[in-house]
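Asks: Next input, structure requested:
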Amino acid sequence: MESTTPSLDVVERRMLEQSPAWLKADVFWDEDYDVDVYIRDLKAIVPLETLRHELQEHKQRVETNLVQTINEEYNDFVGLSSEVMDVEEAVSKMDEPLEDVERKMKSVRADIMAVMDNLQACLARREENFRARERLEIIQDTTHAVSKLEKLVHEMENGPALNYEDAFPRVLERIASELSKIQFYLAKGDSLPSLQNLNPRIQKAREVFLVELGKILEASLRIKSTANLQQCLRSYASVNAVDQAEAVVKERIMKPLLEECLEAYDTLIQAKAHEPEQLEPLYTDIIYGVSSRLGILLRLVNTPHSGLHAFSFLANSVLAQVESTVGERRASSFSPGIPSMFHKNYLATLRFLEELEKYCISKKKLEVFRGSEHYRSLLKRWNTSVYFTLRFQDVATGLERHLSGARPALLAEPKDGFVLESTVAVWESLGKCFSPDFYLQDLADKFLKLSLQVLARYRHWVEQGLQVPASSSEGVEAEPWLGADPEKRLHAIVHDLRALSSNVLESYLNTVSVQLSDLPDDVKRSSLDLLRNAALKVGDVAEAAQDRLIGLISEKCATVLKQMRGVTAAYRMTNKPMPTRPSTYVNGAMAPILSFSGMANGDSALVEAVAASVCNVYKTMIKELIETVKKTESSLKRLKKQASSDAVAKVTDTEKICLQLFLDVKEVGRQLKHAGVDPNNFEAYVSLWDAAAPEDAKGVVQLSPEETPQKPPETLNPGAKKQKILRPSPDSGMQALSLPFIAHLLTR
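Replies: Below you'll find the model as predicted:
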């Protein structure tokens, strides 16, 4: 064994040399070595992964060095067993004393356990005796209390009559005290058969006591004695008879009160036999009666720190009797058959409940009142789902009656800023949804959805109408949905769509916001956003209708403008003189714009949009015509083999055609001015002017002030009788305006 010591030192030294500097393996041999502390210290300077790797390598080095050491000291290792041969003999010598000690310990343990078992049995018997004595005392005390209670009740019944309007009787206080004691005893010994046998005697005395206590409560309310009421309620609470107190108030106070109110209400109804029953007068009388007869009681039980918060007279007495009596005697008033009367009576009921809620001085009391069975039962009598169904049918029927027609109907006079009957019906339907005599707070989500459906239905109706083809298959009627005067109806649709969108975004949203004021802010904000988006979609349809209107008028104008191609035939190879006045087709082409400006009622923006569309179409046609004419002239020049000597001074057909187009464009400008559009500042017309004007006249519109625009036709109806078109005389300002242009052409 001694020879192994140097080898172990060598092994330790060898392992220390092979380990990193931070891995101090010698600490493993310390007596106070703690692996958690060791790892926590190394973790601050070495990653855990590196530490795990080094420990595994250290383990392998230890195993390798151990095998190497055994091999080097093999003789000592083999002789180790021979040196410890006497250890087994020494151990066997120690077994006998240890076994003797074990036997003695078991004997002592057995004696101690016997003593403990005896002691536990004594304690159990003692506990049983204590329980038996306690039960006996409870039985004795309960029997004594019952005897005393019966004696007090006998004295009360056979003694002088109690004066309920004086101070609270002393005998009732004593009876309440004894009943409270008996209840305590019964709670402690509820399973005792002896106490069960006393229940009939206790109940009999209790009933007599509660009858007298009810008389005291009724008298105290009549004389409005706060002291007697307080003592009476405390007596009820002490004997756990809160329900009996609430029943007394319900039967003896509220029931006669409601009979009086209903009798007066019946007299009122008979006087107004032809009018529907309104519950508002009945509720008013009930509130007044509750305030005068039970006000002192309701305020007393809701007084802070009064100790009377167990009573719920408001729900279990007042509201319970109102719900049962009014519900049975006036069941017809709860019927939604007449929606307007249902609405009035329902709101009257809510106001009645609000008046009762004023007696709840705390949030907890209010929650208890609203969560009571009678509160929910009264509200369930009002079938608001059927009411909404009837209101929905009312709105939907009236709306569909106007939207299911063949075409939009115009009003004789504007109403509410609208000119179509259908739009007025939509606006009235929206107004109904949140009107004070239509809307109910409990149905806020349904009425909001209904208003969105009304807007969506109107928008869909207009969109479907705008999709009708521009002409029917037989060619009998140009616009089946818009009728014989499509421009007028389209303008009315655009006007009403914009007016409806504007009204919803302004006044209607304000009305809805007021009605939704009781809702949470996030719900209210989301609801208004839905209506706002619906109104904006209606405005988008107005833009589509405006495009349809512009396209319709532009198409009519373009149809007449196609006659412009006749200018080429009029001056090509005809030797006609230079033109001095506009073509006859111009007045016909501008007639739709002039007619529309008369019906636009000052909507200059819409008139300008129509005029811009027509000017753009006209400009395109002029450019194409001028380009074609110039190409044709160039081709003719190439075909000519010889030119006469006077060809330079001769005005060409192309110049005549261009001059005629320029005169036509000037006439268009005068017609636009008559339609209320300023051609000098109208970009579309300036672009048209530049397309037809000579180089020195481009960019600046010049219309002579003495040239009066032609009077527009009276109607756009193609079947109407043609009007005589006035033309300017040759010696008018038109001739003067054309001379500079002629001189310019001659000097080119």
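
Asks: Confirm A412 sits in a strand?
Replies: Yes: according to DSSP: H, G, I helix; E, B strand; the rest coil, A412 belongs to a strand.

Asks: mind listing what it touches?
Replies: When contacts are counted by CB atoms under 8 Å, 6 or more residues apart in numbering, A412 is found next to no other residue. For every residue, glycine as well, the C-beta is placed using N, CA and C.

Asks: can you tell me how far it sits from E428?
Replies: Distance check for A412 against E428: by CB to CB, to the nearest Å, it reads 17 Å.

Asks: now L319
Replies: Using CB to CB, L319 is found at 39 Å from E428.

Asks: Between those two, tell me which one has more neighbours.
Replies: Under the neighbour definition other CB atoms under 10 Å, L319 and E428 were set side by side, and L319 has more, 25 against 18.

Asks: How about that one: what's its closest non-neighbour residue?
Replies: In space, not counting the residues next to it along the chain, L319 is nearest to H374; the distance is 4.6 Å by CB to CB, 6 or more residues apart in numbering.

Asks: next one: D690
Replies: K698 (4.6 Å).

Asks: list the contacts for the residue positioned nearest the centre of the chain?
Replies: When the chain is reduced to its mean C-alpha position, the closest residue under CA atoms, centre = their mean turns out to be V523, at 3.6 Å. Applying CB under 8 Å, 6+ apart to V523 gives the contacts L516.

Asks: Mind telling me what element it is part of?
Replies: Assessed by DSSP states H and E, V523 sits inside helix 521-561.

Asks: Now do the helix or strand D76 falls within: distance to the chain's middle.
Replies: Counting by DSSP H and E, the secondary-structure element that holds D76 is helix 74-78. Counting by CA atoms, centre = their mean, to the nearest Å, helix 74-78 is centred 91 Å from the centre of its parent chain.

Asks: Buried residues of the helix or strand containing E54, list them for me.
Replies: With elements taken from DSSP H and E, the one containing E54 is helix 48-72. Neighbour-count burial for helix 48-72, with 16 or more other CB atoms under 10 Å as criterion, is recorded at L51, E54, H58, R61, N65, T69.

Asks: which sections of the stretch 501-650 of the chain are below the confidence cut-off?
Replies: Counting by pLDDT under 70, the stretch 501-650 of the chain contains low-confidence residues at 573, 598, 600-602, 639-650.

Asks: in it, which spans are helices?
Replies: 509-515, 521-561, 566-571, 585-599, 604-639 (DSSP state H, counting those that start in this stretch).

Asks: List the buried residues of the last one.
Replies: The one in question is helix 604-639. 606-615, 617-619, 621-622, 625-626, 629, 633.

Asks: try the first one
Replies: Of the residues in helix 509-515, those with enough neighbours to count as buried (16+ other CB under 10 Å) are L509, T511, V512, Q515.

Asks: Who are the packing partners of it?
Replies: Using 3 or more CB pairs under 8 Å, 6 or more residues apart in numbering; DSSP states H and E as the contact definition, the elements that helix 509-515 packs against are helix 444-466, helix 521-561.

Asks: 7 Å instead, please
Replies: Under the contact criterion of 3 or more CB pairs under 7 Å, 6 or more residues apart in numbering; DSSP states H and E, helix 509-515 touches helix 521-561.

Asks: What angle do helix 444-466 and the helix it packs on make with each other?
Replies: With axes from the mean of the first three to the mean of the last three CA atoms, to 10 degrees as the criterion, the two stretches helix 521-561 and helix 444-466 enclose an angle of 10 degrees.

Asks: and helix 521-561 with helix 585-599, angle?
Replies: Going by the same axes, to 10 degrees, helix 521-561 makes 150 degrees with helix 585-599.

Asks: Settle this for me: G676 is touching V607, isn't it.
Replies: Yes: because the distance of 6.0 Å satisfies CB atoms under 7 Å, G676 is recorded as touching V607.

Asks: hey, what's in contact with both of these two?
Replies: Shared contacts of G676 and V607, defined by CB atoms under 7 Å, 6 or more residues apart in numbering, are found at S597.

Asks: Can you give me the first-to-last residue distance of stretch 315-322?
Replies: Using CA to CA, to the nearest Å, the gap from the first to the last residue of stretch 315-322 comes to 10 Å.

Asks: What lies in contact with that stretch?
Replies: Contacts to stretch 315-322, defined as CB under 7 Å, 6+ apart, come from residues 246, 249-250, 254-255, 258, 286, 290, 294, 356, 369, 372, 374-375, 378.

Asks: And for the nearest residue to R391 once chain neighbours are set aside, the neighbour number?
Replies: Nearest in space to R391, with sequence neighbours left out and distances taken as CB to CB, 6+ apart, is P339 at 5.8 Å. Neighbouring residues of P339 were enumerated by other CB under 10 Å; the total is 18.

Asks: what sits against P339?
Replies: Y387, L390, R391.

Asks: Let me see the backbone angles for R174.
Replies: Per-residue torsions, R174: phi -70, psi -40 (degrees, to the nearest 10).

Asks: Same check on L308?
Replies: Given degrees, to the nearest 10, the pair of backbone angles that L308 has is phi -120, psi 20.

Asks: unless I'm mixing things up, it is touching C232, no?
Replies: No: at 10.4 Å, L308 does not count as touching C232 under the criterion of CB under 7 Å.

Asks: The two: who's more crowded?
Replies: Under the criterion of other CB under 10 Å, the comparison of L308 against C232 puts C232 first, with 27 against 20.

Asks: residue contacts, that one?
Replies: By CB under 7 Å, 6+ apart, the contact list for C232 reads F168, L213, I216, L217, S220.

Asks: Just the buried residues out of those, in ChimeraX syntax.
Replies: Paste this into ChimeraX to select the buried members of the contacts of C232, with burial taken from 16+ other CB under 10 Å:
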select :168,213,216,217,220
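
Asks: ok, longest helix in this protein?
Replies: Longest among the helix segments of the chain by residue count, using DSSP state H, is helix 87-158.

Asks: elements contacting that helix?
Replies: Taking 3+ CB pairs under 7 Å, 6+ apart as the contact definition, the neighbouring helices and strands of helix 87-158 are helix 170-188, helix 193-196, helix 199-223.

Asks: Including distance to E328 and mean pLDDT, could these go into JSON lines?
Replies: Formatted as JSON lines, the entries for the helices and strands packed on helix 87-158 read as follows, by distance: least, CB to CB, whole Å; pLDDT from 0 to 100:
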{"stretch": "helix 170-188", "distance to E328": "36", "mean pLDDT": "75"}
{"stretch": "helix 193-196", "distance to E328": "41", "mean pLDDT": "69"}
{"stretch": "helix 199-223", "distance to E328": "24", "mean pLDDT": "81"}
